[in-house]
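Undergrad: How does the following fold in three dimensions:
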Amino acid sequence: MHTIVIIPTYNEAENIAKLVKQIFALNIPELEILVVDDNSPDNTADIIKNLQPTTYNLKLILRTGKLGLGSAYITGFKKALELGADFIFEMDADFSHDPNDIPRMLEAIQNSDLVIGSRRIAGGKIVGWNWWRQFMSSGAMWLSRLLLGLKPLDVTAGFRCFRRQVLEKINLTKITSNGYAFQEELLYRTQLAGFKITEIPVTFVDRQLGKSKLNKKDIWEFFVTLVKLKFF
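TA: Residues are numbered from 1 along each chain as shown. Have a look, this model is predicted:
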């Protein structure tokens, strides 16, 4: 089965080469990596280009500027579908998501439509967050599950594996959120379409290198998106 891992990047020069090598070291048949880079000033894209001559299954989409997480994933989804992927991953570039969890997620997707690498179910955990970020994250998830009726416990997880049929059925052009609220909206539309969603436990480790992309604008957009999906 053809699998594509989509990794959006912005200033991930410290992480991307090591991550790519670790994913390919898993030796998963028919696996490709698609990096969607927003013209990183630290030359992340150049690192990928330098790897490509010896790594045939590594692809790059270089965009004109910092256009946002949601639009990066939508761009990646469309390209992955065009390339004929059967299973499509979302994954961060900063090692918050452990590449070694990819085989477990591929095993779980055999009996599901969307598999979430979950920090919130039994066996899942978060390493490196302070109490305030834990509180804010838990509160946001509780509120979104309450208002939108979301069944998964980890609604903002960015480590996911989709069957291609999910992304084909969901109208990606209707997704309006672009920051971290994108994950919330994508999950809501997947559940609304009646697809089977499974969570498996993972350990989320806060980034060790580089700078977090989360900002106040993303937090505000999360709650605005929640209201829009509920009432409009």
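Undergrad: hey, let's count contacts and neighbours off CA atoms from now on
TA: Fine.
Undergrad: top helix in this protein by residue count?
TA: In the chain, assigned by DSSP state H, the helix with the most residues is helix 131-148.
Undergrad: Check which helices and strands it sits against.
TA: With contacts defined as 3 or more CA pairs under 8 Å, 6 or more residues apart in numbering; DSSP states H and E, the secondary structure elements packing on helix 131-148 are helix 216-231.
Undergrad: Restricting to C-alpha, output stretch 112-119 in CSV.
TA: Below are the C-alpha coordinates for stretch 112-119, written out as CSV (Å, rounded to 0.1, in the frame of the first residue of the first chain):
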residue,chain,number,x,y,z
SER,A,112,-10.2,2.3,10.5
ASP,A,113,-10.5,5.4,8.3
LEU,A,114,-8.6,7.8,10.5
VAL,A,115,-6.0,6.9,13.1
ILE,A,116,-5.0,9.6,15.7
GLY,A,117,-1.8,9.4,17.6
SER,A,118,-3.4,10.4,20.9
ARG,A,119,-1.9,12.0,23.9
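Undergrad: Not counting that stretch itself, show me its contacts.
TA: Around stretch 112-119, the neighbours that count as contacts under CA atoms under 8 Å, 6 or more residues apart in numbering are 105, 108-109, 124-126, 153-154, 157-163, 165-166, 195-204.
Undergrad: cool, stretch 90-106 as well?
TA: Around stretch 90-106, the neighbours that count as contacts under CA under 8 Å, 6+ apart are 5-9, 12, 15-16, 19, 22-23, 26, 28, 73, 115-117, 158-161, 200, 202-210.
Undergrad: Tell me where this structure has helices.
TA: In the chain, the segments counted as helices under DSSP H are 16-24, 44-51, 69-82, 102-108, 131-148, 164-169, 181-192, 216-231.
Undergrad: Mind putting these into CSV with distance to A93?
TA: Formatted as CSV, the entries for those read as follows, by distance: least, CA to CA, whole Å:
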stretch, distance to A93
helix 16-24, 6
helix 44-51, 11
helix 69-82, 12
helix 102-108, 14
helix 131-148, 20
helix 164-169, 22
helix 181-192, 16
helix 216-231, 18
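Undergrad: mind listing what's buried in the longest helix of the chain?
TA: Going by neighbour count (16 or more other CA atoms under 10 Å), the buried part of helix 131-148 is 140-141, 144-145, 148.
Undergrad: repeat for stretch 73-84
TA: Residues of stretch 73-84 classed as buried by neighbour count (16+ other CA under 10 Å): 73-77, 79-81.
Undergrad: do stretch 56-66 as well
TA: Of the residues in stretch 56-66, those buried under the neighbour-count criterion (16+ other CA under 10 Å) are 58-62.
Undergrad: and if you look at stretch 45-59?
TA: For stretch 45-59, the buried set under the neighbour-count rule, 16+ other CA under 10 Å, comprises 45, 48, 51, 55, 58-59.
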